[in-house]
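J.: Would you be able to build a 3D model of this:
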Amino acid sequence: MNLQHERLIGLCESLNLPFIAQGDAGAAQEAARSQTGDSDFLEALLKAEVAGRQIRKQSLLTRLAGFPAIKTLDEFDYGFAAGVKNSQIDELAGLGFVERQENVVLVGPSGVGKTHLAIALGYRAAQTGIKTRFTTAADLLLTLSVAHAQNQLKAVMQRAITAYRLLVIDEIGYLPMNREQANLFFQVIAARYEKGSLIVTSNLPFGQWDATFAQDATLTAALLDRFLHHAHIVPMAGESYRLKHQR
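T.: Numbers count the residues shown, from 1 in each chain. Below is the predicted model:
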């Protein structure tokens, strides 16, 4: 490493340009080989910096999202999941629903691919720079119940609920809630109404959601009114993919 290169590395560090620092030597050699002009050389370095930052941001947002696994839309088996329209999923994949603060609800029995689609849409959002968070309904309610007991609910709601442009909540309906949990979940829906997007999965049709929310028909109706006001409903049917694969 010559002295000039050392000075360039120092300047890049001072200006927080790590990817230019990493690629400077290789870019200089390529520029010399192809006799690239100074402006083209500078443009190539700046493009490398932008690309490197984009990859770093995607990686960071994906880690922050907390996906249990990475699933993509390309991997989804449309031939297995009955009722899922390619055109509807393609439209959702454009992420316009996030820009419009709309919701997505994936409804169907266990094992038909609801979680796969929820993760895949969340992953697509994170890859485009949208701050996303994935959680199960059980984990979310545990977090909120502990925060409520410790008188920290407002802070946790700001940190874990409203801080994300897209919140993915998996497995609503698998476990019944008590009245306090149902009220806490209502607060989540109310806090994000027309302010941020939700993707939720549920094994229950809407007419049975009150069985989950402490048998409180009034609260359930108010919750669904807010949640479904701006919502894309994706009905799914079929046999469990996991059971079919096992057999």
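J.: Domain map for the chain?
T.: As assigned by automatic domain parsing, the chain contains the domains 3-65, 73-246.
J.: Compare these and say which comes out lowest on pLDDT.
T.: Ranked by mean pLDDT, the domains of the chain bottom out at domain 3-65, which scores a mean of 72.
J.: sorry, back to before: can you add mean neighbour count and give the domains of the chain back as TSV?
T.: Just so you know, the C-beta spots here come from the backbone N, C-alpha and C atoms, and that holds for glycine as well. Below are these laid out as TSV (neighbours: other CB atoms under 10 Å):
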stretch	mean neighbour count
domain 3-65	14
domain 73-246	17
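J.: In the protein, which residue is most central in space?
T.: G122 (2.9 Å; CA atoms, centre = their mean).
J.: isn't it right up against T128?
T.: No - contact criterion CB atoms under 8 Å: G122 and T128 do not qualify, at 11.1 Å.
J.: Name the residues that touch stretch 118-136?
T.: Residues outside stretch 118-136 that contact it (CB atoms under 8 Å, 6 or more residues apart in numbering): 57-58, 61-62, 64-73, 75-76, 92-93, 95, 98, 104, 106, 143, 160, 163-171, 199-201.
J.: which residues of this protein fall in helices?
T.: Per DSSP state H, the chain carries helices over the ranges 3-14, 18-34, 38-65, 86-93, 96-99, 114-127, 137-149, 153-160, 179-192, 209-212, 217-229, 241-246.
J.: right, so of those helices, which gets closest to F80?
T.: Closest to F80 of those, according to CB to CB: helix 241-246, at 5.9 Å.
J.: thinking again about what came up before, distance to F80 added to the helices of the chain, as CSV?
T.: Shown next, in CSV, are the helices of the chain (distance: least, CB to CB, whole Å):
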stretch, distance to F80
helix 3-14, 50
helix 18-34, 42
helix 38-65, 25
helix 86-93, 13
helix 96-99, 24
helix 114-127, 10
helix 137-149, 25
helix 153-160, 33
helix 179-192, 31
helix 209-212, 26
helix 217-229, 27
helix 241-246, 6
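J.: so how far is stretch 155-173 off the chain centroid?
T.: 10 Å (CA atoms, centre = their mean, to the nearest Å).
J.: From the opening residue of that stretch to its closing one, how far?
T.: This stretch, stretch 155-173, spans 26 Å end to end (CA to CA, to the nearest Å).
J.: Same question for stretch 70-83.
T.: End-to-end distance (CA to CA), stretch 70-83: 23 Å.
J.: got a list of what the spatially closest residue to A81 that is not a sequence neighbour touches?
T.: Sequence neighbours aside, G113 is the residue nearest to A81 in space, at 4.6 Å (criterion: CB to CB, 6 or more residues apart in numbering). Contacts for G113 were tallied using CB under 8 Å, 6+ apart; they are F76, D77, F80, A81, V84, M236, Y241.
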